[in-house]
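[1] Fold the following and give me the result.
(chains A and B)
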Protein chains: 2
Amino acid sequence: MREEFRADLTEVSRLLVTMAEAVRAAMRKATTALLTADLSAAEMVITSDAEVDQIYGQVEAKVADMLARQAPVASDLRTVITALHVSADLERMGDLAEHVAKTAQRRHPSPAVPAELRAVFQQMAEVADHMAEKITTVLGNPDADLAAELEKDDDTMDDLERDLFKVLLDDDWPYGAETAIDGALLGRFYERYADHAVNAGEQIVYMVTGEPTADPV
Amino acid sequence: MREEFRADLTEVSRLLVTMAEAVRAAMRKATTALLTADLSAAEMVITSDAEVDQIYGQVEAKVADMLARQAPVASDLRTVITALHVSADLERMGDLAEHVAKTAQRRHPSPAVPAELRAVFQQMAEVADHMAEKITTVLGNPDADLAAELEKDDDTMDDLERDLFKVLLDDDWPYGAETAIDGALLGRFYERYADHAVNAGEQIVYMVTGEPTADPV
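    Residues are numbered from 1 along each chain as shown, chains lettered A, B, ... in the order given. Got it, this is the predicted structure:
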């Protein structure tokens, strides 16, 4: 039984790492689509989100199966519940990458982001990528210190979102309401992507240390 | 053991109904704050979100305890996993009501929503309220048909969001970028609130019928 549980856990962990890699790749490609008005990149992100959703379903089924057949307790139970939460966060990160890609698709062949905003979105994308990389690492090799770093990364993301809004709300903003709205919503997609990475990180801290997590952001 | 499980389940169900009532009341009050520039209503919503978060923690702890001590299987296990998902959706609905309240607070004493948009936000709030009411009902008395209705309600919400964007993106929009951005983000808060109600509804359908849910929206 014990051995079977370990094998199941390894399988869940493998699925979560695959999800994390996929949503990291999705946001990278969505950013390319956004900043270079690359329609085929946007379409690839949109198509491949179904794969993330499918792995999410596999994690949920596997977790339900483990709970039913093996009735884990203590830290084993914690690990299994964590997997459920983390997979939900990763699934949502995939959706948010898809939202970025859909914005690029909708504005194609125009770029969705005017020149003044390219730098800040490039930076937001870099922070997002860094956070997704950290989640991938701690999922493969749980490390509470590394997972806890994600909160600081998220502060950087929040600062960047404030910088973005300063530009959007400047009296001299020359692009009208539609581009301002797209900019604000895109900013929110990156910021929420980072929030879900923080939530996933906190879940992993809980899994490793048994300390209850803060409220989700 | 069986009797204890039933008692625990009744307790979880009671907590979920309390959460659903709280996030329904929160969005009602947030809408009042938004449409009447009522600062004290906004502040009440912001303060009371901590209570929702606290009940969420109670549900999580109770579920972990039930899984550890009672090792439920089959439909009992389904019910317990559902409670975990539904509470996460309700927690997020509370956050979204808080976001609406914070927008009202930030723009106070000005109204955050110009006259042209009041009607559409009023309608979005009514749909949101209707959906939160349905969730409360089906949590107290699981009913797959009623829960499944939430998807149609959500279509109405999506239509209203499209109406909102038509106004925001009209060439004659007279209010500038900041009010357009607030309008778009507020629209998204109501729309996401409705999405989470749909997710919660689908979870309840799964609990009642055992049919796997669609991907979360």
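[2] quick one, helices of chain A?
    Listed in chain order, the helices found in chain A under DSSP state H are A:2-36, A:39-70, A:74-107, A:115-140, A:144-148, A:150-168, A:176-209.
[3] Only the buried residues of the last one, if you could.
    Neighbour-count burial for helix A:176-209, counted by 16 or more other CB atoms under 10 Å in any protein chain shown, picks out A:177-208. Placement of C-beta: from N, CA and C, glycine included.
[4] could you check the angle helix A:74-107 makes with that helix?
    Helix A:176-209 and helix A:74-107 are oriented at 160 degrees to each other (axes from the mean of the first three to the mean of the last three CA atoms, to 10 degrees).
[5] Pick out the shakiest of the helices of chain A, pLDDT-wise.
    With a mean of 89, helix A:144-148 has the lowest mean pLDDT of the helices of chain A.
[6] in that helix, what counts as buried?
    A:144, A:146-148.
[7] Get me the contact residues on chain A for chain B.
    Proximity of chain A to chain B is confined to A:53, A:56-57, A:63-64, A:67-68, A:71-74, A:77-78, A:81, A:84-85, A:88, A:91-92, A:95, A:165, A:168-169, A:173, A:176-178, A:180-181, A:184-185, A:188, A:212, A:215-216 under the rule CB under 8 Å from any CB of the partner chain.
[8] Show me just the buried residues among those residues.
    By neighbour count, with 16+ other CB under 10 Å, the residues of chain A next to chain B hold A:53, A:56, A:63-64, A:67-68, A:71-72, A:77-78, A:81, A:84-85, A:88, A:91-92, A:95, A:165, A:168, A:173, A:177-178, A:180-181, A:184-185, A:188, A:215-216 as buried.
[9] Around residue A:69, count how many other residues there are.
    Residues within reach of residue A:69, counting by other CB atoms under 10 Å in any protein chain shown, total 14.
[10] That one and residue A:93: what is the separation?
    Distance, residue A:69 to residue A:93, by CB to CB, to the nearest Å: 29 Å.
[11] One more: residue A:13?
    Per CB to CB, residue A:13 is found 17 Å from residue A:93.
[12] of these two, who's got more company?
    A count of neighbours by other CB under 10 Å puts residue A:93 above the other of residue A:13 and residue A:93, at 30 against 18.
[13] how near is the most centrally placed residue in chain A to chain B?
    By CA atoms, centre = their mean, the mean C-alpha position of chain A lies nearest to residue A:93, the distance being 3.2 Å. To chain B, residue A:93 is 12 Å away according to CB to the nearest CB, to the nearest Å.
[14] Name all residues that make contact with that residue.
    Applying CB atoms under 8 Å, 6 or more residues apart in numbering or on different chains, we find residue A:93 in contact with A:23, A:26-27, A:132, A:193, A:196-197.
[15] rerun at 6 Å
    By CB atoms under 6 Å, 6 or more residues apart in numbering or on different chains, the residues touching residue A:93 are A:23, A:193, A:196.
[16] and if you look at residue A:118?
    So residue A:118 contacts residue A:35 (CB under 6 Å, 6+ apart).
[17] Same question for the one 3 residues further on.
    Listed by CB under 6 Å, 6+ apart, the contact set of residue A:121 reads residue A:113.
[18] Could you check how many residues crowd around the residue nearest to residue A:93 when sequence neighbours are not counted?
    Distances taken as CB to CB, 6 or more residues apart in numbering or on different chains put residue A:23 closest to residue A:93, at 4.2 Å, once the chain neighbours are dropped. Neighbour count for residue A:23, taken as other CB under 10 Å: 30.
[19] Touching, residue A:23 and residue A:92? I think so.
    No: if you go by CB atoms under 6 Å, residue A:23 and residue A:92 don't touch, sitting 8.8 Å apart.
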